[in-house]
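> Fold the stuff below for me.
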Amino acid sequence: MEKKFMKRNSLSGIFAICLTAVITVTACAQDHKQNQTRLNKINEVVKSTVLLNNYQSFIPIVGLAKKKFVSIDLGYKNQIGFDSLLNKYAPVVSLSASKYSDSATLNDLEDDVKFYNTVIVALNSEMASKGKYINFISSLAKNKDVVVALFGNGSALSAFDQINAPLVWSSEDNEEAAMVAPQLIFGGIAAKQLLTKTYSTKYVQGTGYTTNATRLKYTVPEDAGVNSNDLKEIDDIVNDGIAKKASPGMVVLVAKDGKVIYNKAFGYHTYDNLQADKVTDIFDLASVTKTTATTPSVMRLVEQQKLKLDTNVGYYIAKARTSPMNNTSVRDVMLHQAGFIPYIPFHNFVKEGDYSRDSSAAFPTKVADNYYIKKGFFNDFMWPKMLNSPIKTKGAYVYSDISMYVMQDIVEHISEMPEDQYVQENFYVPLGMQTAGYLPRNRFPKSRIIPTEDDKAFRKTLLEGYVHDQGAALKGGVAGHAGLFGSANDLAIYNQMLLNKGTYGGEQYFTPQTVEMFTSKQSNVSRRGLGFDRHDPDLTKKYPSELASPETYGHTGYTGIGVWTDPARNMIYIILTNRVHPTVSEMLGKLSIRPRIQDVVNRAIDKTKK
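Below you'll find the model as predicted:
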């Protein structure tokens, strides 16, 4: 194999061997013996870490939607790793105090945090001996929620006798401690320890608070009983796929027992090999939009009894009442057995005069860079064509994108909100999903978004942050079946919430009964759940993989991604690719990249049961 395909990048919290893996794209070995040593150090740190001053149960932090976080860098040596882990859970801005040399000018730094309501400060015992820092923290705590992470000698606790802000103290002052504290703050790790001796009049023996883990933990495979060596084949499969042009780059994430135990980026954004993939990169999620945007919206409205699965489409959509789909039940739409045709190639209907290279009142809808479709193209042409398309296979399973156009319209009628806004406010922001959403070019630079097709036929441009699906693009990028973008970590958070039966981060998004109903088999004619794809009982199909349990649910996407949750193994498997670059490649399927990786993970986990 050519060396240029062998580069791989790793960033998965504390599962990596070296701290640089947390903050850069430097490759680190994933060796069982080294990781076991690392885990032992982590466990020692956890045993030496105590949560103090948690009078109001502020830790673990809840209510992310109402918080604006800032981390103050006072010069703590492991600040970069500390901030990296904070940002696994929520968007946390880092402000450095390096330009503020004395206590007087720290007032300027305090002024800089005026737009943030939650301040996190890390420092070691030596820094805590400096009055200017203690005074600074004390002043902040008068008007803002402050969380302090203190590392080192417990004698430094006396400096905080007059401060009531929640305080996470570890007697260790090393890389591991800097990566444990943020996880304890956000609930990735539970606080279990009390002070074993007295350090001051306030911090006496037996003081401390205990908490439960409420969010994902970032750790080594061994923390979930998995041998790192048993996952090494993932690297070989991915690198072989890249070498054979299945995709220029990929990101793989595995979570087990609520712990992210594997998260690596491989290859590059394009075959130019100029920009290496990172685990924080944003991918076009294609049809995973169905299960990560439209389906949870439907779940929420069903729970609120605003939407009924056995009511007909015409009840919710006035324009459908004179169409063939009027008497189709919402349940059949969600199961892909409403009889809708699979797909309408709307881009083939675009003619000269329908689009412009510049935006204007007549051409307001952006489809891609330098491509704008005329006003009303969706409402006047696309939507009527879908509503009036023939019902051909009612009662049979025929996978159809039209189904999720329909469900999007129903969601928007009931919620009285555009779907992109609805999912942001109800799910992504409160869950701490920082990249997930539609229209990523409105929120992120191109450099963070993986390019998809070099579209020479329709849009005649390289698609960078614009949805690959042509119909979703013509709708303006926000569609029920496609248009969502996001990172592997975002998908892990969302699917862990489902695996938790509807709860995450101390908040409940769905009842267990709702999650069970939508993700379990609900059709008499297919393997499908409501919105979700599932394990195929026809074992000859080996779908989604040969060893996947019958409980497995999830979805794939045209861009080459796959997201699968296996409750039997308490596992989440995510693979993100851009197999449509520069044009659509079939090698991902021919090489069985997705199922082969899934079964490497399945075998590694199954060994832990023996």
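> now the residue lying farthest from the centre of the chain: how far from P445?
Most distant residue from the mean C-alpha position of the chain: T201, 43.8 Å away (Cα atoms, centre = their mean). From T201 across to P445, the span is 51 Å (Cβ to Cβ, to the nearest Å). (C-beta placed from N, C-alpha, C; glycine too.)
> residue ranges for the helices of the stretch 201-350 of the chain, please.
Using DSSP state H, counting those that start in this stretch, the helices of the stretch 201-350 of the chain run over 232-243, 288-289, 295-303, 313-316, 330-334.
> before we move on, back to that, any figure for the gap between the residue farthest from the centre of the chain and S158?
Using Cβ to Cβ, we find T201 at a distance of 8 Å from S158.
> where's V168, which helix or strand?
Element membership for V168, per DSSP states H and E: strand 167-170.
> got a list of what A177 touches?
By Cβ atoms under 8 Å, 6 or more residues apart in numbering, the contact list for A177 reads 45, 48-49, 78, 151, 170.
> Please read the previous query as pertaining to P451.
By Cβ under 8 Å, 6+ apart, P451 lies in contact with 269-270, 462-464, 578, 581.
> Surely A90 is in contact with K68?
No. Using Cβ atoms under 8 Å as the test, A90 is too far from K68 to be in contact (9.4 Å).
> between the two, which one's more packed in?
A side-by-side neighbour count of A90 and K68, using other Cβ atoms under 10 Å, places A90 first with 22 against 16.
> secondary structure class for that one?
Put simply, A90 is coil when judged by DSSP: H, G, I helix; E, B strand; the rest coil.
> Quickly note the distance from it to P430.
From A90 across to P430, the span is 10 Å (Cβ to Cβ).
> Can you pull the residues that touch both of the two?
Common neighbours of A90 and P430 (Cβ under 8 Å, 6+ apart) are L64.
> Using PDB, list the CA coordinates for stretch 387-397.
Written as PDB, here are the backbone C-alpha positions of stretch 387-397 (Å, rounded to 0.1, in the frame of the first residue of the first chain):
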ATOM      1  CA  LEU A 387     -48.300  15.300  -3.800                       C
ATOM      2  CA  ASN A 388     -49.800  14.200  -7.100                       C
ATOM      3  CA  SER A 389     -47.400  11.400  -7.900                       C
ATOM      4  CA  PRO A 390     -49.100   8.000  -8.300                       C
ATOM      5  CA  ILE A 391     -49.600   5.600  -5.500                       C
ATOM      6  CA  LYS A 392     -48.300   2.400  -6.900                       C
ATOM      7  CA  THR A 393     -47.300  -0.100  -4.200                       C
ATOM      8  CA  LYS A 394     -49.400   0.700  -1.100                       C
ATOM      9  CA  GLY A 395     -48.900  -1.700   1.600                       C
ATOM     10  CA  ALA A 396     -45.600  -3.000   0.300                       C
ATOM     11  CA  TYR A 397     -42.200  -1.700   1.400                       C
END
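> ok now it, how far from the chain's centre?
Chain-centre distance of stretch 387-397: 34 Å, with Cα atoms, centre = their mean, to the nearest Å.
> what residue ranges in the chain are flagged as low confidence?
The model of the chain has pLDDT under 70 over residues 1-30, 99-105, 610.
> before we move on, back to that, and the contacts of A177, which two are furthest apart?
Farthest-apart pair in those is S48 and N78; separation 15.5 Å (Cβ to Cβ).
> What about S389, how many residues nearby?
Residue neighbour count, defined by other Cβ under 10 Å, stands at 17 for S389.
> Return the closest of the contacts of P451 with respect to M386.
Of all those, M386 sits closest to L463, with 23.2 Å by Cβ to Cβ.
> Could you check how far that closest one is from N273?
Distance from L463 to N273, by Cβ to Cβ: 19 Å.
> more neighbours, those two?
Comparing L463 with N273 by other Cβ under 10 Å, the one with more neighbours is L463, at 23 against 14.
> Excluding sequence neighbours, find me the nearest residue to the more buried one.
T452 (4.6 Å; Cβ to Cβ, 6 or more residues apart in numbering).
> same thing with S359?
That would be Y372: by Cβ to Cβ, 6+ apart, it lies 4.8 Å from S359.
> For the residue nearest to S48 when sequence neighbours are not counted, give me its contacts.
Excluding the flanking residues, the one nearest S48 by Cβ to Cβ, 6+ apart is S171, at 4.4 Å. Taking Cβ under 8 Å, 6+ apart, we find S171 in contact with 48-49, 152-154.
> what two of those have the greatest distance between them?
T49 and N153 (14.2 Å).
> between the two, who's got more neighbours?
Each of T49 and N153 has its neighbours counted (other Cβ under 10 Å); T49 has more, 23 against 15.
> which residues pair with the more buried one across the strands?
On DSSP bridges, the residues paired with T49 through beta bridges are S170.
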